[in-house]
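Q: predicted model, plus sequence, below.
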Amino acid sequence: MATVYSPLPLYAVLAPLGGAVLILVTGNKRPNLREAWTLLAALAQCTFVYAMLSPVLRGSVIEYSLVTIYRDTAFMFRVDAFGMVFALLSSFLWVIVSIYSIGYMRSLQEHAQTRYFCCFALALMGAVGVALAGNLLTLFMFYEILTISTFPLVVHKETPEAMKAGQKYLIYLMTGAVFILFSMGCVYYISGTMDFAAGGFLQGKGSPQILKVILVCFMIGFGSKAALMPFHEWLPSAMVALTPVSALLHAVAVVKAGVFCVLRVILYVFGPALLKQLNVWAALAYIVSFTVIAANIIALTQDNLKRRLAFSTISSLAMIILGACLLNADSARGAILYIPFHGFMKITLFMCSGAIFLKTGKKLVSELDGIGRQMPLTMAAFSIAAAGLVGIPPVCGFISKWYLCIGAYQSHETWFLVVFLISSLLDAAYLFPIVYSAFFKKTDSGQPQVSEAPLLIVIPLVLTALFSILFCFSPDLIFNFYNLAGRVVSSLSWGI
Amino acid sequence: MTTVHFPALIVVTPLIASFIVFAVGWFDRRYCFPLVIIALTACLIFAAGLAAVVLSSGNPLHYHLGAWPPPWGIEYVVDHLNALILLAIAVIALLSAVYSRSMAAREFPLAKLPQLYTLYLLQVTGLFGITITGDVFNLYVLVEIASFSAYAMIAMGERGAAFAAFRYMIFGTIGACAYLLGVGYLYILTGSLNMADLNQLLPALYQSKALLAGFSLLIVGIAIKMALFPVHTWLPDAYTLAPSSVSVLLAPLSTKVGAYVLIRILLSVFNAPFYTSLYPAAPVLGWIAAAGVLFAAFLAIAQSDLKRMLCYLIVCEIGYIVIGISSSNRLGLTGALLHLVNDMFMMACLFAVTGIIYAHARTRNIYELRNLHRTLPLTMAVFVIGALAVIGVPPLCGFFSKWYLVLGAIQAQQWFFVFVILMSSLLNTVLFFRIIEQVYFPPREAIPAGHAHLDTPFRLDPVPMGELIPAACLACFLILLGFFSNMLITRFISRAIPGTF
């Protein structure tokens, strides 16, 4: 595998940092210039990330190290196909959500917009940094930046409810970080390195007992960000945040960073072969399956639309982790594909809920009767994304679920196949009633006029819904997600 | 070489300058501050020169005062360990002197300024001397110079400061006496006061009961001076009530220099086998420190006075350093030394910010600091950086020292210490985010949408530049120390640790 040395990953991380500084300096005196910085930073980041795509597709790895932080461990970026998937997803969706954010914040005339856009940029720096990091220490740095910079976004409304959610968020994630720090220390102590390697680098190091302890601590640590049960409580509470935040951070950047890290640990620190040897994958998979089903059942009971979507996110994230835990090529490919595809679909759902709130002030599912006639475009996008999440073919969710199911079948544990299928059924059970009542139930106030949210809000959500469909027909469209997932899978050894 | 006399100059310059400041102050007070700055800038140059010499030659620098050869004469030694600490002291002393100008003018009647600066320079003299000396008795003398100037400066503070200073003096004197008694034991046993000489002579006496008594007295004395739990009780009152212009110098430096003395005595006067296996001082100190870390972290959470909270944090951080020492391995000691330097800057930064806040808002109660970021945006940004560094958020410096401390504790298989370090970072998170919430997100009733007009445009803090710039510089140091921590370790710290580890 060829290694290319290029500072592109550094630029991709510095672009949002520069953006954040410029946003802060510009302040609310010149809001147009400030928003221009956001868009510029987002576009710059997306361009830098995209520029790395073609070498990665050719099979090379892009490396760049800045300063040595610790012995032989440098502050290092190492871009492989797996990191590329997450980096492309976050940076592209940031462009789209930036447009949406501007529309949303201006329509609602929210306070503290400078802080909001600045922290948003910093969070994206964290997310893309996590994707491009070349070792555990660098990853942890960006992981912490992501955690801290999201806090002001969660408490944006500054109400007692928001503050509670913020505290909960911080306590869960900082406790998780402590577990990660401990595991990192142990990994370094037993192996003497922290650089990721395809297929893991812990093979033959340490005793099985300590390896199990490390794995459990990593799972608790990163699992708290991936909202794995029982560490999920912060995510539904954090839904008090503004919708663009929920959309990008709580459906894509933050929680996916958690999932991404879990997969990094499973595939690039431990490696499938070692996990098979340790014989813990089944136990892990059972625990994660519980989250998949339980979160979906809880989602059924939620009347608040955003909370319902939050529980749906918890379930989907657990499904990605379950795919990786099954330790075979197909389930891993399904899991990796589900990271971007779920991102596109869930962000559509969240943006729709934001558009509805903006236009009508409605937050509850039970209030949405007939909303489809008032906002046909929004609800059409919602329906597409909902169908995708369930796994109905012309939307991209189907592809990843297909691979996940094949993987479950191959692992000779039919039980997990059942988990995937039941969860799809449950997805349908809590999403389709919304679509049904939106289009087919009558409102009390007779025939409503068609009135959509502002264009700045409708265009992004229509765009992501369209992408969700196009990815089903051509999963390699623009971003080559399918190709990248294939590269990841073929670079790992899967044992027997 | 022009650098030959730097070891003496770095101590003598502030000493002489302190007398000159006092004398000049009789005639014209305006000359005091420039003199202080000139003296401290000179010290910074000397410290940098010493560090450069040590780095380029790779060997310790020995300087014989009055050309008397050791072990009879007093010897000053600059090695990789104290070259770094001298540099850190010089930087912080200079920055806090700049900071103290407008702060002191606000806090004291003009007539008192010459006295303040005299004491200030004496304090710096003591700190430099303690760090550079290679003689255990000379160290005692310099500790007393530093302590007495500290007592006097603290007593100049707000209501109750005189009593706190008196209490500090009693504790400090007991500590100094214990230390001196310990030195007496060593002198009677060996007839020598030179550290390097003692290091050669003592191993033959390691079985002696008298030596153990001397050692214990030394450790107890230093523990009081460095405010190690449970003999830290003098610290919170003394540093809380001290004037802001003084606490910014004292709080970061004097306890850390005490920690340096502990390391120096353990490594340079005694040796590792003695304090780890022959006489289990290291594990005992470690457990005491671990208890202290938890105790201080909880007490810090209980405080509503920002400065007092920081004082408990100092006790907590001293505990970290001692835990690192007690790990008795290369990683742990690296963590201890790195944390020593990092913590100097972290505390200097936070105390500087606290001073500005107090001067501006006339309160230190953290529940009254609401919305302060609107009037003091830059100050509060510096505070947030300092807070994140203490919590240990990478890439700020606090993370790296904690990382080494954790690794050291893991290597020593001291799982409880690992737990303590990690737990206390969590407690620190609670500690600081409680304040950050109060400042940036004060509790209020629901704000419905449409409050864009609530936002005020950015205006630079209405604070003297002389206070703002040093604070901002310290915040920059926290970031730089983080990024270049490895350079610090490979150049200085890893060479400061004896090869036996």
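A: The structure has been received and is ready for your questions. Numbering: from 1, shown residues only, chains lettered A, B, ... in the order given.

Q: please make it C-alpha for all contacts and neighbour counts, starting now.
A: Fine.

Q: quick check: the residue lying closest to B:N329 once chain neighbours are set aside vs B:G408, distance?
A: Closest residue to B:N329 apart from its sequence neighbours, by Cα to Cα, 6 or more residues apart in numbering or on different chains: B:F501 at 5.6 Å. Distance, B:F501 to B:G408, using Cα to Cα, to the nearest Å: 12 Å.

Q: could you pull out the residues contacting both of the two?
A: Contact criterion Cα atoms under 8 Å, 6 or more residues apart in numbering or on different chains; residues shared by B:F501 and B:G408: B:329-330.

Q: neighbour count: these two, which is higher?
A: It is B:G408, of B:F501 and B:G408, that has more neighbours when counted by other Cα atoms under 10 Å in any protein chain shown, with 30 against 10.

Q: pLDDT score for that one?
A: At B:G408 the predicted local confidence, pLDDT, stands at 91.

Q: three-state assignment of A:Y64?
A: strand (DSSP: H, G, I helix; E, B strand; the rest coil).

Q: identify the residues contacting the residue in the stretch 301-450 of chain A positioned nearest to chain B.
A: Residue nearest to chain B within the stretch 301-450 of chain A: A:L358 (10.3 Å; Cα to the nearest Cα). Residues in contact with A:L358 (Cα under 8 Å, 6+ apart) are A:104, A:107-108, A:453.

Q: now, which of those lie close to chain B?
A: A:L108 (Cα under 8 Å from any Cα of the partner chain).

Q: pull out the buried positions in whichever helix in chain B runs longest.
A: Longest helix of chain B, by residue count under DSSP state H: helix B:330-361. Using 16 or more other Cα atoms under 10 Å in any protein chain shown as the test for burial, helix B:330-361 gives B:330-359.

Q: pLDDT value on A:L181, please?
A: Looking at A:L181, its pLDDT reads 90.

Q: hmm, the longest helix of chain B touching chain A?
A: No: judged by Cα under 8 Å from any Cα, helix B:330-361 makes no contact with chain A; its nearest approach is 10.6 Å.

Q: next helix or strand past that helix?
A: helix B:372-375 (DSSP states H and E).

Q: check whether that next one contacts chain A.
A: No: using Cα under 8 Å from any Cα, helix B:372-375 stays clear of chain A, with a minimum separation of 11.2 Å.

Q: touching the helix or strand following that helix from outside, list them.
A: Using DSSP H and E, the helix or strand that follows helix B:372-375 towards the C-terminus is helix B:377-391. With contact meaning Cα under 8 Å, 6+ apart, helix B:377-391 is reached by B:346-347, B:349-350, B:353, B:356-357, B:372-373, B:396-399, B:425-426, B:428-429, B:432, B:436, B:458-461, B:468, B:471-472, B:475, B:478.

Q: which of those are buried?
A: Buried by 16+ other Cα under 10 Å: B:346-347, B:349-350, B:353, B:356-357, B:372-373, B:396-399, B:425-426, B:428-429, B:432, B:436, B:458, B:461, B:468, B:471-472, B:475, B:478, out of the contacts of helix B:377-391.

Q: is the strand or helix carrying A:Q167 in proximity to chain B?
A: Element membership for A:Q167, per DSSP H and E: helix A:160-191. Yes: Helix A:160-191 lies within reach of chain B by Cα under 8 Å from any Cα, at A:160, A:163, A:171, A:174-175, A:178, A:181-182, A:185-186, A:189.

Q: can you add neighbour count and give those back as a markdown table?
A: Converted to a markdown table, those look like this (neighbours: other Cα atoms under 10 Å in any protein chain shown):
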| residue | neighbour count |
| --- | --- |
| A:P160 | 16 |
| A:M163 | 24 |
| A:I171 | 17 |
| A:M174 | 23 |
| A:T175 | 19 |
| A:V178 | 21 |
| A:L181 | 23 |
| A:F182 | 22 |
| A:G185 | 25 |
| A:C186 | 21 |
| A:Y189 | 17 |
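
Q: among those, which one has the lowest pLDDT?
A: The member of the residues of helix A:160-191 next to chain B with the lowest pLDDT is A:P160, at 83.

Q: what kind of secondary structure is the closest residue to that residue other than its chain neighbours in?
A: Sequence neighbours aside, B:P443 is the residue nearest to A:P160 in space, at 6.3 Å (criterion: Cα to Cα, 6+ apart). Of the three states, B:P443 takes coil under three-state DSSP.

Q: and B:V430, how many neighbours?
A: 18.

Q: quick check: it vs B:I436, distance?
A: For B:V430, the distance to B:I436 equals 10 Å [Cα to Cα].

Q: what sits closest to residue 229 if chain neighbours are left out?
A: Assuming you mean chain A. Closest to A:M229 by Cα to Cα, 6+ apart is A:T291, at 5.5 Å.

Q: looking at chain B here, not the other one
A: Closest residue to B:F229 apart from its sequence neighbours, by Cα to Cα, 6+ apart: B:G292 at 4.9 Å.

Q: show me the contacts for the residue of the stretch 251-400 of chain B at minimum distance from chain A.
A: Going by Cα to the nearest Cα, chain A is nearest to B:P394 of the stretch 251-400 of chain B, at 5.0 Å. Neighbouring residues of B:P394 by Cα under 8 Å, 6+ apart: A:140-142, A:144-145, B:400, B:482.

Q: tell me the contacts of the residue positioned nearest the centre of chain B?
A: With distances taken as Cα atoms, centre = their mean, the residue of chain B nearest its centroid is B:L253 (2.7 Å). Taking Cα under 8 Å, 6+ apart as the contact definition, B:L253 lies against B:89, B:127, B:344.

Q: which ones are touching the closest residue to the last one other than its chain neighbours?
A: Pointing back at B:M344 there. With sequence-adjacent residues excluded and distances taken as Cα to Cα, 6+ apart, B:M344 is closest to B:P252, at 4.7 Å. Contacts here follow Cα under 8 Å, 6+ apart; on that basis B:P252 touches B:314, B:343-348.

Q: on that earlier part again, let me see the contact set for the residue nearest to A:P160.
A: Going by Cα under 8 Å, 6+ apart, B:P443 touches A:158-160, A:163.

Q: would you turn these into TSV with distance to A:S91?
A: Below are these laid out as TSV (distance: Cα to Cα, whole Å):
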residue	distance to A:S91
A:E158	28
A:T159	30
A:P160	32
A:M163	28
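
Q: my read: B:L262 touches B:I222, true?
A: Yes: counting by Cα atoms under 8 Å, a contact exists between B:L262 and B:I222, whose distance comes to 6.4 Å.

Q: tally of neighbours for B:A8?
A: Around B:A8 there are 19 residues (other Cα under 10 Å).
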